[in-house]
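# Please work out how this folds:
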Amino acid sequence: MARYRGPKAKIARRFREPIFGPSKALERKNYAPGQHGNTRRRRSKKSEYAIQLAEKQKAKYTYGVLEKQFARTFDKAARKKGITGENLLKLLEARLDNTVFRMGLAPTRRAARQLVSHKHIKVNGTITNIPSAQLRPGDEIEVRERSKSLEAITDALAGRKTFSWLDWDQDRYTGKFLSYPERDEIPENIKEQLIVELYSK
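Residues are numbered from 1 along each chain as shown. Here you go, the predicted model:
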């Protein structure tokens, strides 16, 4: 199961955002990585392509998707009716690992991915261990019975946030993917139009 295994703090510092969750390294060194990251000298202006590429890379790292899978998701978004950039974010939000994270079952998407791959999560009553599985409106997500007492899950639920496109039953440890989120409901700081422009070249 392919996933990014490189340094997390370095990526967060490159984009100056907590891509993989809260980062002490980002708080201490709020500048780009590398020996020239903290110099006062102005870097040359980035090209249009560099800006678009950086936005795509940020989206990939944020949702934990590698290049080929991201390209396939974009292709699927482009074929759907509506605005391509918004369709892309909706499809990324509908991934099982992202939904588990949004429901508050894990503190980060990486942790959510691990919960799914270790068979702690059911979708519509069936154990599913594919983090990239696409959910559809009406799908029900639940924690496996013997996993409900896991400390990692109970700790994460203590600080969960609510989202309008998800429903969560704390007593039964079940939730429902109600609908695809609208763009203004997605909190990620991603300029999806730049990604569309990059792929349209």
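# ok, how many other residues are close to the closest residue to residue 199 other than its chain neighbours?
For residue 199, the nearest residue in space outside its immediate sequence neighbours is residue 74; the separation is 5.7 Å by C-beta to C-beta, 6 or more residues apart in numbering. Every C-beta, even on glycine, is put in place using the N, C-alpha and C of the backbone. As a burial measure, the neighbour count of residue 74 was computed by other C-beta atoms under 10 Å and equals 23.
# Mind listing residues that contact the helix or strand containing residue 74?
Counting by DSSP states H and E, the secondary-structure element that holds residue 74 is helix 67-79. Contacts made with helix 67-79 from outside it, assessed by C-beta atoms under 8 Å, 6 or more residues apart in numbering, are listed as 2, 56, 59-60, 65, 84-85, 87-88, 90-92, 132, 195, 199.
# Just the buried residues of those residues.
For those, burial is judged from neighbour counts taken by 16 or more other C-beta atoms under 10 Å, and it is met by 56, 59-60, 65, 84-85, 87-88, 90-92, 132, 195, 199.
# and which of those residues is nearest residue 114?
In terms of C-beta to C-beta, no member of these lies closer to residue 114 than residue 132, at 13.8 Å.
# quick one, what contacts the closest residue to residue 97 other than its chain neighbours?
Closest residue to residue 97 in three dimensions, ignoring its sequence neighbours and counting by C-beta to C-beta, 6+ apart: residue 131, at 3.8 Å. By C-beta under 8 Å, 6+ apart, the contact set of residue 131 is 1, 64, 95-97, 112-113, 116-117.
# 7 Å instead?
95-97, 113, 116-117 (C-beta atoms under 7 Å, 6 or more residues apart in numbering).
# next one: residue 178
When contacts are taken as C-beta under 7 Å, 6+ apart, residue 178 is in contact with 137, 165-167.
# Grab the most central residue of this structure for me.
residue 63 (2.8 Å; C-alpha atoms, centre = their mean).
# separation between that one and residue 180?
As judged by C-beta to C-beta, to the nearest Å, residue 63 and residue 180 stand 15 Å apart.
# again, but for residue 46
As judged by C-beta to C-beta, residue 46 and residue 180 stand 32 Å apart.
# Of those two, give the one with the bigger neighbour count.
Applying other C-beta under 10 Å to residue 46 and residue 180 shows that residue 180 carries more neighbours, namely 19 against 11.
# check contacts around that one.
Contact criterion C-beta under 7 Å, 6+ apart gives 90, 94, 137, 165 as the residues in contact with residue 180.
# Which PyMOL command selects the buried ones in those residues?
The following PyMOL command selects only the buried members of the contacts of residue 180, with burial defined by 16+ other C-beta under 10 Å:
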select buried, resi 90+94+165
